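*Asks:* just need the structure, nothing else, for what follows:
(chains A and B)
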Amino acid sequence: MDLNDTPEQAAYRVRVAAWLHEHRDEAPALDLPEEELVPAQRAWQRRLAENGMAGVTWPEEFGGQGLGPIESVIVGQEIAKARVPGILDVIGVGMLGPTIIAHGTQEQKGRYLGPMLHADEVWCQLFSEPAAGSDLAAVQCRARQEDDGSWRLTGQKVWTTNAQFSAHGLLLARTDADVPKHKGLTMFILPMDAEGVTIRGLRQISGEAEFNEVFLDDVRVEADAVVGGPGNGWGTALTTLMFERLTIGSGAEGLGYRPERFVELVARDEHASADPEVRRRLGEISIELLAVRFGGYRLLSMLQQGTIPGPEAGLAKVTTVSAAIEAFDLVADVLGPDALDEAGETAYGISFLPGLKSAGGTEEILRNTIGERVLGLPPEPRLDKGIPFSELRAKEREAVAK
Amino acid sequence: MNLELSQEQEFLRDAARNALGRVKTVEAAREALEDPGARPDLWPTACEAGWAGLIVDEEHGGAELGAFDAMLVMIEAGRVLAGIELLGHLPAAALLNAGGYGDLGAIAEGTQRATWLPTRPPTDDVPAWTVEARGGSRRAPAVALDGDRLSGTVAWVPDAPGADVLVVIGVDAGGEVAALAVDATQDGVSVEAVTRYDATRALGHVTLDGATGQRLALDAEGIAHAWYFAQTLLAAEAIGTVETCLASSVAYAKERFTFGRAIGSYQAVKHALVEVLRRRENAYSLLVYAGWSHEDRRDEFPLAASAARAAASAALDYAARELISVHGGIGATWEHDAPLFFRRAQLSRRLLGGMGDATDRVAGELLAKAGAV
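*Replies:* Residues are numbered from 1 along each chain as shown, chains lettered A, B, ... in the order given. Next up, the predicted model:
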């Protein structure tokens, strides 16, 4: 049982830490206004990429380091230790780039991966829709092919992080409604400045707009925009979702909900620190978050041995979000209404977390998936298997009308 | 980084599973409910398998394995509700081994069975060094040490009946603490055997009246270690029991039909069983933390052990109740084994300070580190 670096990993860590120490002054301050912050973050991502600290697991031929998940985590840990921001385009480099590497054409890889890694072009993920979240294969955004081979896209996407300054999006659309829903999907690369694309910020509980809605009105993309072939969109999307799970799971503490953070807030109040009820709640919360920390190490250990984790890795997100909700509640109970000052981190956490519960799929659907795939429990009865998507939609409308 | 089991650890686990598989421990747990005398004597099995000397140094005849190896054996014991006297013996053996006890060979072989009188470490309790008492506040000062004479009572001592050697932690009038190895057969030692709710577990109330023993060469930190080591053993045992509860619940949820559907297809049932899995995974992750910190980060072991204990006890409580719920009414009757697992959960969560004490210790350790006043 060993949590220590191998000699090679230790040497790598030293090199990473040394570079970060030397160049930390170049890192952007995160309190800049967005119009200054984004260019600064892009410049910082370029510096990290040039020095091997972005795309650590990408193959070398696409500008990556060709290293393993542990090295990727080492970079993340050293970036956190140096108290500098990481890369801007986590979604592109962590999830969409690997999807293009797995399913894209040589031309697509040559054209898109370099600018993505260096943040010359930021990417966004255009998967979820108002009526297709956890049930992602229910997307309704339509793509129709023209005689010249180009495609016309019409529909609406939602929860799109970074869309307002992205150059491209990876978009899942329905190209055939007359086959069962998982079969008629195709993945596209969408230039965000194409005619007919409208981006609108979506304000959350906190009042901030961290996500966007993206509207597509008869948007034309060329035939070479298809990733992984027409009709293969679901398989391509599953690759993205697997990398999403790894991005969240292997950086289990990447969400920033470390037990020490909450303990420090409570520790400032001597009465609270000695109160048995506060201590019980703090203990229970800390136990959950410590379990997530060591569950993350177990996941990394599996990855290092070459095992790809299954859906049970998603339980870390369930635990983290629930414990963080409890933690902010505890801190706010200790501090009283002062905790709800909107400028402070506690009010922000309280506002942010209810939505995080559904991010990447609702907790309820995740528990279904784990129950069925990990425990082998029988599935819920489903009405959408084996029937064309168009018929399914007609049935849904009929059921609502009854 | 490698947190997988080594080949030796897999072998140890499989050997334990095989050895315990030869005894019908769950059936025995049922018989013992009506006749406490029917509790099978698993100590010969433990000695034959080498568990008595698992953590004793090789030079004294032990296997000199690590704390996590002991936890692996406890997981297997918990899986089949085996009442082996390791919860008492292993922490006692750790103290005897570290403290230079004279007859370690007999401890390693198991010809002498030991137990320790659980005494809370001083770090977060006022007054320092308390033991379990019966009823009320449940806390009493540790056994009093006057010269070489020990006097006092410790309640709910695991595996005390029939133990040959007691490791007693005594505190003198000046607050100095010492651990002594006490021959349990001497006058001045009395052990009242108790069976409480879970018939698989042997407990005793131990009273010392001027008993004497051999002083062990241990400082306060060395003595406190036994408390946390015992917490990890109890945690490991609970995790094994959770695994059996989960497997049994899942199997039934697949074969029992209501309204034309297997009950496991209902979200309400499915989500609850996933909750058992979630709690099991979290508790096991913390057990890994405890095993790792024991070897490489000893200052974090109290935190890790307490967290593992609290998480595992809570997981077992949840799993045992879910086992009953999934089985419906029959799960609450003696027609089914579920009550045996429920009884195990009910007693386990209240032993060795209880899970509330462990949870408070987690808060205390972290607050101290954060510099709380």
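*Asks:* show me where chain A has its helices.
*Replies:* Per DSSP state H, chain A has helices spanning A:7-23, A:34-50, A:69-81, A:90-91, A:97-103, A:106-117, A:233-250, A:259-267, A:270-274, A:276-304, A:315-335, A:345-356, A:363-373, A:389-401. These are given in chain order.
*Asks:* residue A:172: which of those is closest?
*Replies:* helix A:233-250 (5.4 Å; Cβ to Cβ). For every residue, glycine as well, the C-beta is placed using N, CA and C.
*Asks:* buried residues, the closest one. List them.
*Replies:* When burial is assessed from 16 or more other Cβ atoms under 10 Å in any protein chain shown, helix A:233-250 yields the following buried residues: A:233-234, A:236-237, A:239-240, A:242-250.
*Asks:* between that helix and helix A:315-335, how many degrees?
*Replies:* Here helix A:233-250 runs at an angle of 50 degrees relative to helix A:315-335 (axes from the mean of the first three to the mean of the last three Cα atoms, to 10 degrees).
*Asks:* picking that back up, so which of the buried residues of helix A:233-250 is the closest to residue A:401?
*Replies:* For these, the closest approach to residue A:401 (Cβ to Cβ) belongs to residue A:234, at 29.1 Å.
*Asks:* ok so, going back, the helices of chain A: lowest mean pLDDT?
*Replies:* The stretch with the lowest mean pLDDT among the helices of chain A is helix A:233-250, which comes in at a mean of 85.
*Asks:* just the C-alphas of that one, formatted as PDB.
*Replies:* These are the backbone C-alpha positions of helix A:233-250, laid out as PDB (Å, rounded to 0.1, in the frame of the first residue of the first chain):
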ATOM      1  CA  GLY A 233     -23.100  10.100 -32.400                       C
ATOM      2  CA  TRP A 234     -24.100   8.100 -29.300                       C
ATOM      3  CA  GLY A 235     -20.900   6.100 -29.300                       C
ATOM      4  CA  THR A 236     -18.900   9.300 -29.700                       C
ATOM      5  CA  ALA A 237     -20.800  11.000 -26.900                       C
ATOM      6  CA  LEU A 238     -20.100   8.000 -24.600                       C
ATOM      7  CA  THR A 239     -16.400   8.600 -25.100                       C
ATOM      8  CA  THR A 240     -16.800  12.200 -24.000                       C
ATOM      9  CA  LEU A 241     -18.900  11.200 -21.000                       C
ATOM     10  CA  MET A 242     -16.200   8.600 -19.900                       C
ATOM     11  CA  PHE A 243     -13.600  11.400 -20.000                       C
ATOM     12  CA  GLU A 244     -16.000  13.600 -18.100                       C
ATOM     13  CA  ARG A 245     -16.200  11.000 -15.400                       C
ATOM     14  CA  LEU A 246     -12.400  10.700 -15.200                       C
ATOM     15  CA  THR A 247     -12.000  14.500 -15.200                       C
ATOM     16  CA  ILE A 248     -14.400  14.800 -12.200                       C
ATOM     17  CA  GLY A 249     -13.400  11.500 -10.500                       C
ATOM     18  CA  SER A 250      -9.600  11.700 -10.600                       C
END
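*Asks:* show me what that helix is in contact with.
*Replies:* Under the contact criterion Cβ atoms under 8 Å, 6 or more residues apart in numbering or on different chains, helix A:233-250 has outside partners A:69, A:72-73, A:90, A:94-96, A:98-99, A:102-103, A:125, A:127, A:136-137, A:170, A:172-173, A:175, A:182-183, A:185-187, A:227-228, A:254-255, A:296, A:299-300, A:303, A:308-309, A:311, A:313-314, A:316-317, A:360.
*Asks:* please, a ChimeraX command that selects the buried ones among those residues?
*Replies:* In ChimeraX syntax, the buried subset of the contacts of helix A:233-250 is picked out as below (16+ other Cβ under 10 Å):
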select /A:69,72,73,90,94,95,96,98,99,103,125,127,136,137,170,172,173,175,182,183,185,186,187,227,228,254,255,296,299,300,303,309,311,313,314,316,317,360
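*Asks:* near chain B, list only the ones from the contacts of helix A:233-250.
*Replies:* Contacts with chain B within these, counted by Cβ under 8 Å from any Cβ of the partner chain: residue A:300.
*Asks:* quick check: residues of the stretch 1-150 of chain B near chain A?
*Replies:* Contact residues, the stretch 1-150 of chain B versus chain A (Cβ under 8 Å from any Cβ): B:1, B:2, B:3, B:4, B:66, B:68.
*Asks:* include neighbour count when you put these into CSV, please.
*Replies:* CSV is the format used below for the residues of the stretch 1-150 of chain B next to chain A (neighbours: other Cβ atoms under 10 Å in any protein chain shown):
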residue, neighbour count
B:1, 20
B:2, 14
B:3, 21
B:4, 16
B:66, 16
B:68, 19
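*Asks:* filter the residues you listed down to the ones in helices?
*Replies:* With DSSP H as the criterion, helices contain residue B:68 from among these.
*Asks:* which of the residues of the stretch 1-150 of chain B next to chain A sit farthest apart?
*Replies:* The distance between the two most remote of the residues of the stretch 1-150 of chain B next to chain A (Cβ to Cβ) is 17.4 Å, for B:1 and B:66.
*Asks:* right, and residue A:352 touches residue A:204 too?
*Replies:* Yes. The pair residue A:352 and residue A:204 qualifies as a contact (Cβ atoms under 8 Å) at a distance of 7.3 Å.
*Asks:* can I see the domain layout of chain A?
*Replies:* A:7-88, A:123-236, A:251-361, A:367-402 (automatic domain parsing).
*Asks:* nearest to residue B:113, of the ones you listed?
*Replies:* domain A:251-361 (33.1 Å).
*Asks:* so how far is that closest one off the chain centroid?
*Replies:* Here domain A:251-361 shows a centroid-to-chain-centroid distance of 18 Å under the convention Cα atoms, centre = their mean, to the nearest Å.
*Asks:* quick one: contacts for the closest residue to residue B:66 other than its chain neighbours?
*Replies:* Among residues not flanking residue B:66 along the chain, residue B:295 sits closest, at 6.1 Å (Cβ to Cβ, 6 or more residues apart in numbering or on different chains). Residue B:295 is in contact with A:1, B:66, B:67, B:68, counting by Cβ under 8 Å, 6+ apart.
*Asks:* same thing but at 10 Å, please
*Replies:* Applying Cβ atoms under 10 Å, 6 or more residues apart in numbering or on different chains, we find residue B:295 in contact with A:1, A:2, A:3, B:66, B:67, B:68, B:301.
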